[in-house]
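Trainee: Requesting a structural model of the entry that follows:
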Amino acid sequence: MTKAVSLALDGYGIVDQRARYTANLLAHFSGTGGLFRCSAIRSVGGWTSDTLTEDLDLSIRLQMKGWRYIYLPNVTCPGEIPPSLDLLRKQQFRWAKGFAQCFRKHHREIIKSANLSVFQKFEALMLLATYFVSPFSVIGLALMIPYLALFPISFFFNEYWQTVFAPIALSISAAIYLSPLLLYGTTLSELSAEGHRDYGRLLNMVGLALLGLGTLLSNSKATIEGLSRKSSPFERTTKDGVIDPISS
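Mentor: Presented below is the predicted three-dimensional model:
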C-alpha cells in the first residue's frame, strides 16, 4: 500500500506540481516542504480554520492576491506515508472534504478574477474539484446494475460495436486509461535520469486502483459534506516513525 501511495506522491511532485509552476497555473501547497514569507501570510488574513485543508486554502488566497511562488523539484523532503488503510482513509477523507470546502469557498472569486485567463480559471476549478470523481464514480457503478440488467452480455460483444457510441466510448476510455501510464511513466523517467531507475514501480498502479476503490465511499461522503457545509473535526494523520530499511 505504501509503495503504491509513494508512486502517487512522486507523480504529484515531479509532474503535476512542476507542470503547474511552469504553465503558471493555480497550484496548491500540500503542507510539506514549504517556506512562506510572514508578510505574505499576514497580507491575506493569516491561516484560517474554516476548511480541513488550511494549507490549500492559504496557497489559493496568496495566489489570488498576486503572490508568486517558486517550486524546486530537486529539493527533497523526507515524509511518512500512512502505514495502514484506516489511517490512509482518514487522511483521504480530510483531503477530499477540504478540497470540496475550498471549491465552495473560492469558486466565485476564481470565476470573477480579472487576472486569470479562461483556461487558468477552468484548470483551477478542475484542481479544486479533484475529488468530485468519487461521488460520480459511485453513481456510475450504481447505474451499471440496471444497465447490465437491461442489456444481455452478448450485446456488449456484438451489437454494441455497431452503434455510434462504441468509437466515442472507446476514445474516452483510451484517454482515461492512458493518462495514469503517461503520468507515472514520465515520473519514473525523470527519476531514472537522476539515478533512480525502477520502471517496475509501474505495477504499483494496480495498487493505486485498488486503494481508489477502497476509499471511494469515504471520499464521496467527504466531498458531499464539504459542499454541504457539514463540519467535522480535524483528524491528524499520526506518524509512527516506520522506515523502509531498503530505502534507508
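
Trainee: by contact count, what packs against the helix or strand bottoming out on mean pLDDT in the chain?
Mentor: Scoring the helices and strands of the chain by mean pLDDT, DSSP states H and E places helix 153-157 at the bottom, with a mean of 79. Using 3 or more CB pairs under 8 Å, 6 or more residues apart in numbering; DSSP states H and E, no helix or strand is in contact with helix 153-157. Where C-beta positions appear, they are placed from N, C-alpha and C, glycine not excepted.

Trainee: per-residue confidence at the residue nearest the centre of the chain?
Mentor: Residue closest to the average C-alpha location in the chain (CA atoms, centre = their mean): residue 130, at 5.5 Å. Residue 130 is assigned a pLDDT of 95 by the prediction.

Trainee: With adjacent residues omitted, what lies nearest to it?
Mentor: Sequence neighbours aside, residue 99 is the residue nearest to residue 130 in space, at 5.6 Å (criterion: CB to CB, 6 or more residues apart in numbering).

Trainee: so that neighbour sits right up against residue 128, yeah?
Mentor: Yes. The pair residue 99 and residue 128 passes the contact test of CB atoms under 8 Å, sitting 5.8 Å apart.

Trainee: Hmm, residue 98 and the residue nearest to the centre of the chain touching each other?
Mentor: No. At 10.7 Å, residue 130 and residue 98 do not qualify as touching, with contact defined as CB under 8 Å.

Trainee: got the contact list for stretch 123-140?
Mentor: 25-26, 28, 60, 95-96, 99-100, 102-103, 106-107, 110-111, 116, 215-217, 219-220, 222-224 (CB atoms under 8 Å, 6 or more residues apart in numbering).

Trainee: Any of those residues buried? List them.
Mentor: By neighbour count, with 16 or more other CB atoms under 10 Å, the contacts of stretch 123-140 hold 25-26, 28, 60, 95-96, 99-100, 102-103, 106, 110, 116, 215-216, 219-220, 222-224 as buried.

Trainee: Following element in sequence after the helix or strand containing residue 180, please.
Mentor: If you go by DSSP states H and E, residue 180 is part of helix 165-193. Using DSSP H and E, the helix or strand that follows helix 165-193 towards the C-terminus is helix 204-214.

Trainee: Keeping just the C-alphas, turn that following helix into CSV.
Mentor: Provided in CSV are the C-alpha atoms of helix 204-214 (Å, rounded to 0.1, in the frame of the first residue of the first chain):
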residue,chain,number,x,y,z
ASN,A,204,2.0,-0.1,-8.3
MET,A,205,-0.7,1.5,-10.4
VAL,A,206,-2.7,-1.7,-9.7
GLY,A,207,-2.4,-1.0,-6.0
LEU,A,208,-3.4,2.6,-6.5
ALA,A,209,-6.5,1.5,-8.4
LEU,A,210,-7.5,-0.9,-5.5
LEU,A,211,-6.9,1.9,-3.0
GLY,A,212,-9.1,4.2,-5.0
LEU,A,213,-11.9,1.6,-4.8
GLY,A,214,-11.2,1.1,-1.1
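
Trainee: Show me what the helix or strand just after that helix is packed against.
Mentor: Moving toward the C-terminus from helix 204-214, the next helix or strand (DSSP H and E) is helix 216-227. Helices and strands touching helix 216-227, by 3+ CB pairs under 8 Å, 6+ apart, are helix 85-112, helix 133-150.
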